[in-house]
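S.K.: quick one, what's the 3D model for this:
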Amino acid sequence: MRSALAVALVIVALTAAPAAAEVDVHASLNRESAAVGETVELTVAITGAVSGVTRPEIPSVEGIEVVGSSSQQNITFANGQVSSINSYVFRLRPTREGTFTIPGIEVQIGGEVYTTTPLTLTVSGGSRRPTPAPSAPTSPMPPDVQPAAPETGDDIFATTEVDDRTPYVGQQVTLTLTFYQSHRVRLLSNPEYTPPETEGLVAEPLPSGEQISRSIDGVPYEIITRRTALIAPAAGEYTIGPATITYMRSYLGGEETITTDPITLEVRDLPGAGRPEGFSGLVGRFHAELSADTDRVRVGGAAAVRLTVTGTGNLRQLEAPELPLRGRARLYQSSEQRRIGPQPSGDGHAIGGSVALEYLVMPEEPGTVTLGPVTLHYFNPQTERYEAAVTSEVALTVLPASGSAGASRPEAGEIRYIKTHELGLRSRPPVTASAWFWLLQLAPVAGLGWALGRRSETLRRARDPQYRRFVEAESRARRVLRALDGAASTEELYDAADEILTEYIAAKTGVAAASLGPEEARELLASAGVDKAAASEAGELLEQLRAGLYAPGSSRAPSSGELRERLSELIEAIEAALR
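M.R.: Numbers count the residues shown, from 1 in each chain. Predicted structure coming up:
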């Protein structure tokens with residue numbers, strides 16, 4: 001009873017207007033001087049206001065960036081009086097030397113605006129202290145995770161880094177976010193991660209590193225990493241925006257936010273010197289192989305020849321090359337199969353896999369038909385040279401067409417006349433008057449028409465890969481969707497679902513899947529004639545899937561049961577609109 005009464009009193013106190021309370025707004029720095037790169041805390045304290053406080057914003061000051069923030073509210077109830085202190089802490093990091101004035105910060109409380117006194121910060125030369133030598137890690141540290149030294153008192157912090165700030169066009173850059181949490185801190189739930197903006201870059205998530213423990217300056221930390229593969233389609237300057245991590249230490253403390261530093265990439269164009277004729281833009285390391293399902297084929301028959309390209313790099317940009325052909329034969333590309341995703345590479349992962357391109361060879365005369373060799377030119381960013389993957393030749397022995405036995409001629413027989421004198425002839429309606437006669441006559445014609453239509457469709461799909469990709473997108477997506485039950489983990493489920501939806505939308509809109517993001521998916525589907533609701537649903541589902549990949553447990557990520565149903569309904573809606 002007493003506890004219920006106390007709760008009721010607190011609720012009344014919180015909801016009542018602080019009529020007699022005097023409001024005071026004050027700003028302060030935890031120190032008035034710092035070195036370049038060090039972190040300074042600016043605190044805005046508001047006393048006397050229980051409710052109606054709008055979160056303050058720090059005025060923009062050139063040379064000082066805001067890298068994190070947190071808030072806390074303390075309420076006390078004594079002698080019938082309520083007192084409150086709202087504290088907003090902003091972590092500032094100066095980027096150059098000088099004396100900086102932080103203007104007065106405006107805070108809106110109810111209908112009034114309060115302004116703090118300006119603050120002065122003096123910044124001297126220097127930089128953040130170097131990474132200390134690690135001491136007794138409790139579990140192995142992957143080679144691609146290099147911990148940064150935390151500022152004094154930083155129980156929670158995060159960093160982002162790339163393995164190459166001056167890559168070539170088409171070269172993979174690995175972006176690594178590392179989140180550090182001291183063992184002295186306990187959070188209410190898993191932190192919410194908002195990935196950085198990578199406008200203009202093709203982004204694909206990589207497998208996350210395992211959570212490990214490591215001591216930094218004698219303080220044990222839990223370390224979590226998230227990695228993303230980035231590929232620039234053109235030369236120029238690209239900005240990787242800050243990543244944001246939001247977490248809560250306690251319900252009263254409210255949400256706290258960490259913001260990492262933005263990163264600039266200077267992407268170089270591929271060198272013109274030594275660029276071979278026929279180079280199509282492949283960047284990475286590749287191997288090519290040409291094979292046939294048989295070495296003998298008859299005139300009028302067909303043989304399947306397969307070109308398989310494997311390796312790491314921008315394989316999604318690979319277009320089917322023309323096969324060199326010697327001998328009289330017709331050649332069509334009949335199918336393609338792409339298995340592309342993160343592949344183990346050194347101490348990390350690289351986007352790669354395999355592309356299998358199948359061709360149909362139809363000889364026209366006996367003899368020999370030779371295909372290949374195929375030369376696939378690519379740029380290797382590790383050696384900074386143009387290289388080539390060259391296949392061997394494939395030779396087919398062409399045999400004459402199978403002979404067919406001549407139709408036997410019926411032997412002439414004697415003519416036998418009708419004996420009209422024994423039986424009288426009866427009058428019957430002609431057979432052409434029967435409906436069954438005409439149905440039987442039309443059946444072969446209908447069958448021939450169906451067969452010709454099937455053959456025409458098969459040839460069109462063989463000659464036009466884009467059309468084949470469009471018409472087979474639904475069946476391919478549903479076939480893979482049925483296999484989602486075998487996903488070993490939620491992360492694999494999200495990854496597979498993202499690939500299904502991305503490949504399906506790309507096939508239906510005629511674009512490359514690698515360059516397709518949520519917003520582009522909305523625009524392409526709307527332009528193709530899909531109604532606004534279905535296009536928005538597609539973009540939203542892609543965003544939720546990628547949120548689930550970057551932040552397992554995110555409130556935006558769909559459940560596995562809901563995911564299958566939404567994918568199926570979305571594919572059905574898009575198929576109905578574009579059929």
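
S.K.: what about Arg522, which helix or strand?
M.R.: For Arg522, the element it lies in under DSSP states H and E is helix 518-528.

S.K.: identify each buried residue in that helix, please.
M.R.: Buried residues in helix 518-528, defined by neighbour count with 16 or more other CB atoms under 10 Å: Pro518, Glu520, Ala521, Arg522, Leu524, Leu525, Ala526. For the C-beta atoms, the positions are set from N, CA and C on the backbone; glycine is no exception.

S.K.: what comes into contact with that helix?
M.R.: With contact meaning CB atoms under 8 Å, 6 or more residues apart in numbering, helix 518-528 is reached by 502, 505, 508-509, 511, 516, 532, 534-536, 538-540, 542-543, 546, 574, 577-578.

S.K.: and the helix or strand following that helix, what does it pack against?
M.R.: Of the helices and strands lying after helix 518-528 in sequence (DSSP H and E), the nearest is helix 532-550. With contacts taken as 3 or more CB pairs under 8 Å, 6 or more residues apart in numbering; DSSP states H and E, helix 532-550 sits against strand 202-205, helix 490-509, helix 518-528, helix 560-578.

S.K.: out of the ones you listed, which is closest to Pro321?
M.R.: helix 490-509 (20.9 Å; CB to CB).

S.K.: could you list the buried residues of that closest one?
M.R.: 490-491, 493-509.

S.K.: burial measure for Leu315, as a count.
M.R.: For Leu315, the count of nearby residues is 22 (other CB atoms under 10 Å).

S.K.: next: Thr383.
M.R.: Thr383 is flanked by 9 other residues according to other CB under 10 Å.

S.K.: same thing with Ala451?
M.R.: If you count neighbours by other CB under 10 Å, Ala451 ends up with 10.

S.K.: tell me if it really is in a helix.
M.R.: Yes. Under DSSP: H, G, I helix; E, B strand; the rest coil, Ala451 sits within a helix.

S.K.: do you know how far it is from Thr178?
M.R.: Note on Ala451: its distance to Thr178, by CB to CB, to the nearest Å, is 62 Å.

S.K.: got it, and Tyr88?
M.R.: For Tyr88 relative to Thr178 (CB to CB), the value is 26 Å.

S.K.: compare those two (neighbour count), which wins?
M.R.: Neighbours were counted for Tyr88 and for Thr178 using other CB under 10 Å; Tyr88 has more, 23 against 20.

S.K.: may I see the buried residues of the one helix or strand that one maps to?
M.R.: Assessed by DSSP H and E, Tyr88 sits inside strand 81-94. Of the residues in strand 81-94, Val82, Ser84, Asn86, Ser87, Tyr88, Val89, Phe90, Arg91, Leu92, Arg93, Pro94 count as buried by neighbour count, 16+ other CB under 10 Å.

S.K.: just name whatever secondary elements it is in contact with.
M.R.: Partner elements for strand 81-94 (3+ CB pairs under 8 Å, 6+ apart): strand 40-47, strand 64-78, strand 119-124.

S.K.: please repeat the previous calculation with a cut-off of 6 Å.
M.R.: For strand 81-94, the packing partners by 3 or more CB pairs under 6 Å, 6 or more residues apart in numbering; DSSP states H and E come out as strand 40-47, strand 64-78.

S.K.: partner strands of the helix or strand Tyr193 falls within and their direction?
M.R.: According to DSSP H and E, Tyr193 maps onto strand 192-194. Looking at strand 192-194 with DSSP bridges, its partner strands are strand 244-248 (antiparallel).

S.K.: buried stuff in the strand it pairs with?
M.R.: Thr244, Ile245, Tyr247, Met248.

S.K.: do you know the pLDDT at the third one?
M.R.: In this case it means Tyr247. At Tyr247, the model reports a pLDDT of 87.

S.K.: mind listing what it touches?
M.R.: Leu187, Pro191, Glu256 (CB atoms under 6 Å, 6 or more residues apart in numbering).

S.K.: okay, the nearest residue to Leu563 once chain neighbours are set aside and Thr368: tell me how far apart.
M.R.: Setting aside the residues directly before and after it, Leu563 is nearest to Ala497 in space (CB to CB, 6 or more residues apart in numbering), at 5.6 Å. As defined by CB to CB, Ala497 lies at a distance of 48 Å from Thr368.

S.K.: same deal with Asp24?
M.R.: 95 Å.

S.K.: next one: Val374
M.R.: On the measure of CB to CB, Val374 and Thr368 end up 18 Å apart.

S.K.: who's more crowded, those two?
M.R.: Val374 (22 against 11).

S.K.: okay, the helix or strand containing Leu331 in CSV with CA atoms only?
M.R.: Under the criterion of DSSP H and E, Leu331 resides in strand 329-345. Presented in CSV, the C-alpha positions along strand 329-345 are these (Å, rounded to 0.1, in the frame of the first residue of the first chain):
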residue,chain,number,x,y,z
ALA,A,329,28.1,-24.1,-86.3
ARG,A,330,25.6,-21.9,-84.6
LEU,A,331,26.3,-20.7,-81.1
TYR,A,332,23.8,-19.4,-78.5
GLN,A,333,24.2,-18.4,-74.9
SER,A,334,21.7,-20.7,-73.1
SER,A,335,22.0,-20.0,-69.4
GLU,A,336,24.1,-18.5,-66.6
GLN,A,337,24.5,-19.3,-62.9
ARG,A,338,26.1,-16.8,-60.5
ARG,A,339,27.2,-17.7,-57.0
ILE,A,340,28.6,-14.5,-55.5
GLY,A,341,29.1,-13.5,-51.9
PRO,A,342,31.8,-13.1,-49.2
GLN,A,343,34.7,-15.5,-49.6
PRO,A,344,37.5,-16.2,-47.1
SER,A,345,40.5,-14.3,-48.2
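
S.K.: check the offset of the helix or strand following that strand from the chain's centre.
M.R.: Next helix or strand after strand 329-345 toward the C-terminus (DSSP H and E): strand 348-363. Centre-to-centre, strand 348-363 and its host chain are 21 Å apart (CA atoms, centre = their mean, to the nearest Å).

S.K.: just stretch 533-541 next, same as before
M.R.: With CA atoms, centre = their mean, you get 16 Å for stretch 533-541.

S.K.: what's in contact with that stretch?
M.R.: Pro518, Ala521, Arg522, Leu525, Ala526, Leu570, Ala573, Ile574.

S.K.: give me that answer again for 8 Å
M.R.: 501, 505, 518-519, 521-523, 525-526, 530, 558, 566-567, 570, 573-574, 577.

S.K.: name the SS class of Arg482, please.
M.R.: With three-state DSSP as the basis, Arg482 sits in helix.
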